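**Student:** I would like to see how this sequence folds:
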Amino acid sequence: EPIKMDGINTKKLVVNPDESANIRLMFEMYAQPTTSYGDITRHFAEQGILFNGKELIRPTLAQMLRNPVYVQADLDVYEFFKSQGTVIVNDAADFTGMNGCYLYQGRDVKPSKKNDLKDQMLVLAPHEGIVPSEIWLTCRKKLMNNMKIQSARKATHTWLAGKIKCGNCGYALMSIFNPSGRQYLRCTKRLDNKSCAGCGTIITSELEAVVYQQMVKKLDSYKTLTGRKKAAKANPKIAALQVELAHVDSEIEKLVDSLTGANNVLLSYVNVKIAELDGRKQELLARIAELTVEAISPEQVSQISGYLDTWQDVSFDDKRRVVDLMITTIAATSDSLNITWKI
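**Tutor:** Residues are numbered from 1 along each chain as shown. Below you'll find the model as predicted:
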């Protein structure tokens with residue numbers, strides 16, 4: 001909520017008692033070695049408990065468990081972030097086990113920010129934390145270990161992985177084997193907490209065949225349009241967004257520089273401004289990425305055409321690359337199919 005400290009407007013996290021209890025329970029559950037994301041999301045779904053008015057889902061849960069905004073930051077938390085190469089603005093003596101923290105991503109931070117804390121910036125927040133440091137650190141280290149295990153995984157069951165969504169709820173579809181060895185697609189939300197009716201019976205190989213046919217048709221129609229000429233031209237919208245992005249980056253850098261030697265009041269004010277600018281930065285990056293993928297080049301059209309002509313001989317990874325060039329999402333049920341194209 002907005003507050004005023006020594007005449008300066010800023011913000012702090014305010015959580016009502018019921019929500020605080022649920023957040024603590026979330027961390028306490030995940031701190032147990034055998035507890036999974038699914039165990040926690042099912043528990044809250046069965047109890048009808050919402051977070052910010054929405055049902056708790058795995059990505060949201062993971063984000064909350066990583067966020068130091070909830071921790072009662074003490075010296076153990078300070079030493080943890082210091083060991084990870086995080087830039088810590090406050091002195092060690094300020095970590096008294098009372099306040100939460102804000103974690104900011106600097107402009108030079110690696111994309112793997114969920115797991116790599118190096119060069120990110122940690123600042124004590126004006127609000128009190130609600131999760132004991134021992135529990136928060138147990139969860140954070142468990143998350144980091146899980147990320148190391150999962151980083152080696154990649155899609156192996158279908159070249160549509162990452163694109164196929166449930167036509168009913170919009171959650172991802174997962175290709176799994178039944179006892180006979182045949183692959184079917186299942187809604188991950190239904191698998192998670194049964195709050196979706198599911199996508200019906202979809203055999204993975206049959207959907208792949210239909211999508212392949214649609215890809216061939218789409219590319220044939222694309223070749224006859226003026227899209228190829230348009231794609232070769234620079235997009236003025238992208239240029240304008242890149243100019244604004246450079247300005248936002250510059251403003252963030254100035255604010256970060258101003259934190260050196262700042263008092264707590266100035267820290268609180270700058271924290272809010274950096275958070276606002278970082279939000280705008282993420283919006284700009286997402287829009288630039290969206291516009292960039294729309295601009296498929298003539299060379300890519302030729303390459304895709306060659307792949308589609310020899311589809312049976314194309315490697316699994318190359319099939320995924322072709323799908324990524326052509327398709328944004330595929331919403332499917334046993335009765336419907338809706339493909340959102342990039343071209």
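**Student:** do you know the pLDDT at the closest residue to Leu117 other than its chain neighbours?
**Tutor:** Distance criterion Cβ to Cβ, 6 or more residues apart in numbering; nearest residue to Leu117, sequence neighbours excluded, is Gln84 at 3.9 Å. Glycine gets a C-beta too; all of them are placed from N, C-alpha and C. According to the prediction, Gln84 has pLDDT 86.
**Student:** how about Asn67?
**Tutor:** Reported pLDDT for Asn67: 93.
**Student:** what does Asp249 give?
**Tutor:** 82.
**Student:** swap in Ile8?
**Tutor:** 39.
**Student:** out of everything not next to it in sequence, what's closest to Gln214?
**Tutor:** That would be Ile339: by Cβ to Cβ, 6+ apart, it lies 5.9 Å from Gln214.
**Student:** that neighbour: neighbouring residues, count only.
**Tutor:** Ile339: 17 surrounding residues under other Cβ atoms under 10 Å.
**Student:** buried stuff in the strand or helix carrying it?
**Tutor:** Per DSSP states H and E: Ile339 is located in strand 337-341. For strand 337-341, the neighbour count (16 or more other Cβ atoms under 10 Å) marks Leu337, Ile339 as buried.
**Student:** phi first, then psi, for the nearest residue in space to Leu56 that is not next to it in sequence.
**Tutor:** Residue nearest to Leu56 in three dimensions, not counting chain neighbours: Phe44, with 4.8 Å by Cβ to Cβ, 6+ apart. Main-chain torsions, Phe44, degrees, to the nearest 10: phi -70, psi -30.
**Student:** who's in contact with Phe44?
**Tutor:** Neighbouring residues of Phe44 by Cβ atoms under 8 Å, 6 or more residues apart in numbering: Asn22, Met26, Phe51, Glu55, Leu56.
**Student:** and the gap between it and Leu61?
**Tutor:** 9 Å (Cβ to Cβ, to the nearest Å).
**Student:** any common contacting residues for the two?
**Tutor:** Common neighbours of Phe44 and Leu61 (Cβ under 8 Å, 6+ apart) are Met26.
**Student:** show me what the lengthiest helix in the chain packs onto, helices and strands only.
**Tutor:** Of all the segments of type helix in the chain, defined by DSSP state H, the longest one is helix 264-294. Using 3 or more Cβ pairs under 8 Å, 6 or more residues apart in numbering; DSSP states H and E as the contact test, the elements touching helix 264-294 are strand 2-5, strand 8-11, strand 99-104, strand 121-128, helix 236-258.
**Student:** endpoints of stretch 46-55, how far apart?
**Tutor:** 10 Å (Cα to Cα, to the nearest Å).
**Student:** list the buried residues in it.
**Tutor:** Result for stretch 46-55 [16+ other Cβ under 10 Å]: buried residues Phe51, Glu55.
**Student:** residues contacting it, please?
**Tutor:** Glu19, Asn22, Phe44, Ala45, Leu56, Thr60, Met64, Asn193, Ser195.
**Student:** could you check how far the one residue sitting closest to the centre of the chain is from Tyr37?
**Tutor:** What sits nearest the mean C-alpha location of the chain, by Cα atoms, centre = their mean, is Pro59, with 6.9 Å. Going from Pro59 to Tyr37 by Cβ to Cβ gives 9 Å.
**Student:** returning to what we had before: out of the contacts of stretch 46-55, which are buried?
**Tutor:** Counted by 16+ other Cβ under 10 Å, these give Asn22, Phe44, Ala45, Leu56, Met64, Asn193, Ser195 as buried.
**Student:** low-confidence ranges, the stretch 201-343 of the chain, go.
**Tutor:** 223-236, 259-262, 289-299 (pLDDT under 70).
**Student:** could you redo the last one with a cut-off of 80?
**Tutor:** Along the stretch 201-343 of the chain, segments meeting pLDDT under 80 span 221-239, 253-272, 275, 286-302, 342-343.
**Student:** run through the bridge partners of the nearest residue to Val87 once chain neighbours are set aside.
**Tutor:** Leaving aside its sequence neighbours, Val87 sits nearest to Met121 (Cβ to Cβ, 6+ apart; 4.6 Å). Beta-bridge pairing for Met121 (DSSP bridges): Val87, Tyr104.
**Student:** what's the neighbour count on Met121?
**Tutor:** Residues lying near Met121 (other Cβ under 10 Å) number 20.
**Student:** and if you look at Asp249?
**Tutor:** Neighbour tally, Asp249, other Cβ under 10 Å: 14.
**Student:** repeat that for the one 3 residues further on.
**Tutor:** The burial metric for Ile252, expressed as a neighbour count using other Cβ under 10 Å, is 21.
**Student:** would you mind confirming that it makes contact with Ala275?
**Tutor:** No: between Ile252 and Ala275 there is no contact under Cβ atoms under 8 Å: 10.1 Å.
**Student:** other residues contacting the strand or helix carrying Gln213?
**Tutor:** Assigned by DSSP H and E, Gln213 belongs to helix 204-223. Residues outside helix 204-223 that contact it (Cβ under 8 Å, 6+ apart): 157-160, 164, 175, 183-185, 228, 301, 304-305, 308, 311, 322-323, 326-327, 330, 332, 337, 339, 341, 343.
**Student:** Val77 contacts Leu137, correct?
**Tutor:** Yes: assessed by Cβ under 8 Å, Val77 is found in contact with Leu137 at 6.8 Å.
**Student:** more crowded one of the two?
**Tutor:** Using other Cβ under 10 Å, the more surrounded residue of Val77 and Leu137 is Val77, with 25 against 19.
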